[in-house]
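K.L.:
One predicted model, sequence on top.
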Amino acid sequence: MDDASPRADGTLGGGSAPAQVRGLLRSVTSDIVRTVEERPAPPSGRIRDRVVWGFAQPLLGLRIWATDPELRRRGLLPVLGLLAVCVAAALQADGGWGRRLAVAQATLLALAPVPSVLFAPSYARLAACAHERLGFGPARPHIKGLARYLWELVLQGGCVSLGVAPLVALAEAVPGVGRAWGWALGAAWGLHWIVVEGYDTGRVDPPGDGEPEAMHDEVSWIARACDGLGRRLGPLGRLVAGYGRFVDRLARPWRPEMALMERCGPESAGFGLATFALLAIPGLNLLFRPAVAVGAVHLRAHFDSPVEAGDGGLGRNRTDA
């Protein structure tokens, strides 16, 4: 029998390749379950451990949200509101129940962007409540107003669609592997914005009369990367650097989230993969949005917020069933 169990240092023992893969999957699954159950602080060692810790955060958020009555109540309000609209649209449709179910599903898909705008204040209150329930101290919800949310939706659409469009076009022009490179760039950029939006739902403001989180004046990694690339491209470099500054201005509201991604890249990669997996499930993605918000609060509090709770910010006694 192949022996592919993990060693003490986390590497796999000998055995065939399939056995080693199975052993790695068992090890990763065990680490994810332990993180969800025990809520350890983020590891500072191997990249693998940091990615796994980040991957576990939305799942940890799901466990905490499902077991905490106050968080569950706050998280269900947007879900029930949107479902009520879908049911109302279905009841107004002509035909049998099959036709009405199709109308409800179509309405749900059409209103997919609505929760991030119309119910954004509800998610902000959920994040503030989770910040305290997790043991990180009181916080105020980061509420920006409907007009600001709509404007940021437009800006985000521009960032997602235009951000790496020139790079994708250049990559696809390469014979042979160009299409694969272009797809990889587009997928990485999409995952990047899944993380940014997830982190944004976990943003909170200081308690009391404290000032909201200040806008970061430091340019994002996008502008710095384009500027560095532009220095190597001669006359064409001005266009590249200018394009980077343009995308950076579009992304200015999310500079804190992008700076956080730079500080914890492996954790952000894991967080993004788990968030994508949860939100890609049709119908159930609405139920997972509050879980992602709670997970984002937990991650952000470890990396960019002072811990105020006496239990070191772990708050286990508050949430564990």
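P.N.:
Received it, and whenever you're ready, just let me know what you need. Because the structure is a prediction, the values reported are computed rather than measured. Numbers count the residues shown, from 1 in each chain.
K.L.:
The protein: helices as residue ranges?
P.N.:
For the chain, the helices defined by DSSP state H cover 17-38, 47-67, 69-92, 97-110, 120-133, 146-162, 165-172, 178-201, 221-230, 237-250, 255-263, 265-279, 285-304, 316-319.
K.L.:
With respect to P207, which of those helices lies nearest?
P.N.:
With C-beta to C-beta as the criterion, P207 lies closest to helix 120-133 of the helices of the chain, at 8.8 Å. Every residue, glycine included, has its C-beta placed from N, CA and C.
K.L.:
so which of the helices of the chain comes closest to R140?
P.N.:
Between the helices of the chain, helix 120-133 lies closest to R140; by C-beta to C-beta that is 5.9 Å.
K.L.:
tilt between the closest one and helix 285-304?
P.N.:
Orientation check (axes from the mean of the first three to the mean of the last three C-alpha atoms, to 10 degrees): helix 120-133 against helix 285-304 gives 50 degrees.
K.L.:
So which elements touch helix 120-133?
P.N.:
For helix 120-133, the elements it packs on are helix 47-67, helix 69-92, strand 140-141, helix 178-201, strand 204-205, helix 285-304, judged by 3 or more C-beta pairs under 8 Å, 6 or more residues apart in numbering; DSSP states H and E.
K.L.:
deepest of these, which one?
P.N.:
helix 285-304 (a mean of 24; mean count of other C-beta atoms under 10 Å).
K.L.:
Which secondary structure elements does that one sit against?
P.N.:
Short answer (3+ C-beta pairs under 8 Å, 6+ apart): helix 285-304 packs on helix 47-67, helix 69-92, helix 120-133, helix 178-201, helix 255-263, helix 265-279.
K.L.:
among these, which gets the worst mean confidence?
P.N.:
Ranked by mean pLDDT, those bottom out at helix 69-92, which scores a mean of 84.
K.L.:
to the chain's geometric centre, what's the distance from it?
P.N.:
22 Å (C-alpha atoms, centre = their mean, to the nearest Å).
K.L.:
Go through the helices and strands packed on helix 120-133 and name the closest to C129.
P.N.:
helix 69-92 (5.8 Å).
K.L.:
about what we covered before: looking at the helices of the chain, which is closest to A139?
P.N.:
helix 120-133 (4.2 Å).
K.L.:
Next, the angle from the closest one to helix 178-201.
P.N.:
Going by the same axes, to 10 degrees, helix 120-133 makes 70 degrees with helix 178-201.
K.L.:
Enumerate the positions of helix 120-133 that are buried.
P.N.:
120-133 (16 or more other C-beta atoms under 10 Å).
K.L.:
mind putting the helices and strands packed on helix 285-304 in TSV, distance to R224 included?
P.N.:
Listed next are the helices and strands packed on helix 285-304 as TSV, based on distance: least, C-beta to C-beta, whole Å:
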stretch	distance to R224
helix 47-67	22
helix 69-92	36
helix 120-133	29
helix 178-201	15
helix 255-263	10
helix 265-279	15
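K.L.:
of all these, which lies closest to V219?
P.N.:
helix 255-263 (7.9 Å).
K.L.:
Reformat the helices and strands packed on helix 120-133 as CSV; add distance to E172.
P.N.:
Listed next are the helices and strands packed on helix 120-133 as CSV, based on distance: least, C-beta to C-beta, whole Å:
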stretch, distance to E172
helix 47-67, 29
helix 69-92, 37
strand 140-141, 43
helix 178-201, 4
strand 204-205, 41
helix 285-304, 30
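K.L.:
Out of the buried residues of helix 120-133, flag the one nearest to P256.
P.N.:
Relative to P256, the closest of those is A127; by C-beta to C-beta it sits at 13.8 Å.
K.L.:
Let's see stretch 295-305 as CSV, backbone CA atoms only.
P.N.:
Written as CSV, here are the backbone C-alpha positions of stretch 295-305 (Å, rounded to 0.1, in the frame of the first residue of the first chain):
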residue,chain,number,x,y,z
GLY,A,295,-15.2,35.9,6.9
ALA,A,296,-13.9,39.2,5.5
VAL,A,297,-14.4,40.9,8.9
HIS,A,298,-12.4,38.2,10.6
LEU,A,299,-9.6,38.4,8.1
ARG,A,300,-9.4,42.2,8.0
ALA,A,301,-9.5,42.5,11.8
HIS,A,302,-6.3,40.3,12.0
PHE,A,303,-4.4,42.3,9.3
ASP,A,304,-5.5,45.9,9.5
SER,A,305,-7.4,46.6,12.7
